[in-house]
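Participant: The sequence isn't on hand, but the structure is:
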C-alpha cells in the first residue's frame, strides 16, 4: 500500500447534510493537501438517534444504517482512495461486512443510547471482527473502553480516537495503562499539539495516526498541526501515513483469506 499521507479519521455520508459531509465535501476541504487516502465511517446521525438516550431501534433505522454503510462501499475509482469502516450498532450486523471494509466504527457518548454489551450477538460480532483482523475505532466512556479492551475484545486492535479526548481524557486513558497496551492505537484528530507530542515522547510513534475528524475538523489544519511538530521526518512519515497503511494492510490480508 502507498505510504503517502492518509487521513485515518473522517466522517462521510450521503444522508446527513448538516454539516455537509459527502465525499465531494471532503475532497473540497482537502484539496490543498497531499492526502492520498482517507478512512471513512458514516455520520453518527445516520446510525442512531443520538439525542434520545432511550432510543429504540426499528426496521427504518436498520434500513438507514445499511444504506449509510453501503454509501461508503460505493466510493471507488475517485480522486482519493477511500478505506470504508462499518459503523456497528445494536443489531451487530457483521453479516454486512464485505472484503471492501477495512475496519469497524464503534461509537457513543455518555448522554447517548447504550450498546447492549450483554447481548450474545455482541460477543459474536466481536468474534467475527477478531477473525477478520479488523481494527475498531472505539469512542466510548472510559468504563466501557476498559471493558471492551480488557474483557470483551482481547486480541482486537482498538483505536482510541482524539488521543482519548472523548474516552475519559488523555491522562485517564494513560493512567489506565492503555497507551502502553500493544493492541491499542490512537489518532491525532482534534487533539492539542502538546498532547500529540507528549504521547509520542512517552509511548513512541508506532501506534498513532494522523486524523482530521472531518467535517468537525479541517484536513488542512489537522495535517498542518502534525507537520509543525518538532519531530524527526521519519516520525512525521509514520504518523501521517505509514502506521495506518500497515494497519489497513494487515486487516485486508486477513479479510481476503
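Facilitator: On my side now, so go ahead. Values in this document were obtained by computation on a predicted structure and should not be read as measured data.
Participant: Point out where the stretch 1-150 of the chain drops to low pLDDT.
Facilitator: 1-3 (pLDDT under 70).
Participant: cool, and the stretch 151-257 of the chain?
Facilitator: For the stretch 151-257 of the chain, the ranges with pLDDT under 70 are 251-257.
Participant: Would you state the helices of it in chain order?
Facilitator: Ranges of helices in the stretch 151-257 of the chain, per DSSP state H, counting those that start in this stretch, are 170-175, 193-203, 219-227, 233-237, 243-255.
Participant: Tell me which of those approaches residue 115 most closely.
Facilitator: For these, the distance to residue 115 is smallest for helix 170-175, at 18.8 Å, taking CB to CB. For glycine as for every other residue, the C-beta is placed from the backbone atoms N, C-alpha and C.
Participant: Mind listing what's buried along the closest one?
Facilitator: Burial within helix 170-175, assessed by neighbour count using 16 or more other CB atoms under 10 Å, is assigned to 170, 173, 174.
Participant: Give the other helices and strands that that helix contacts.
Facilitator: Secondary-structure packing of helix 170-175 (3 or more CB pairs under 8 Å, 6 or more residues apart in numbering; DSSP states H and E): helix 142-147, helix 193-203.
Participant: related to what we said a few turns ago, quick one: the helices of the stretch 151-257 of the chain as JSON lines, columns for distance to residue 136 too.
Facilitator: Shown next, in JSON lines, are the helices of the stretch 151-257 of the chain (distance: least, CB to CB, whole Å):
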{"stretch": "helix 170-175", "distance to residue 136": "15"}
{"stretch": "helix 193-203", "distance to residue 136": "19"}
{"stretch": "helix 219-227", "distance to residue 136": "22"}
{"stretch": "helix 233-237", "distance to residue 136": "25"}
{"stretch": "helix 243-255", "distance to residue 136": "10"}
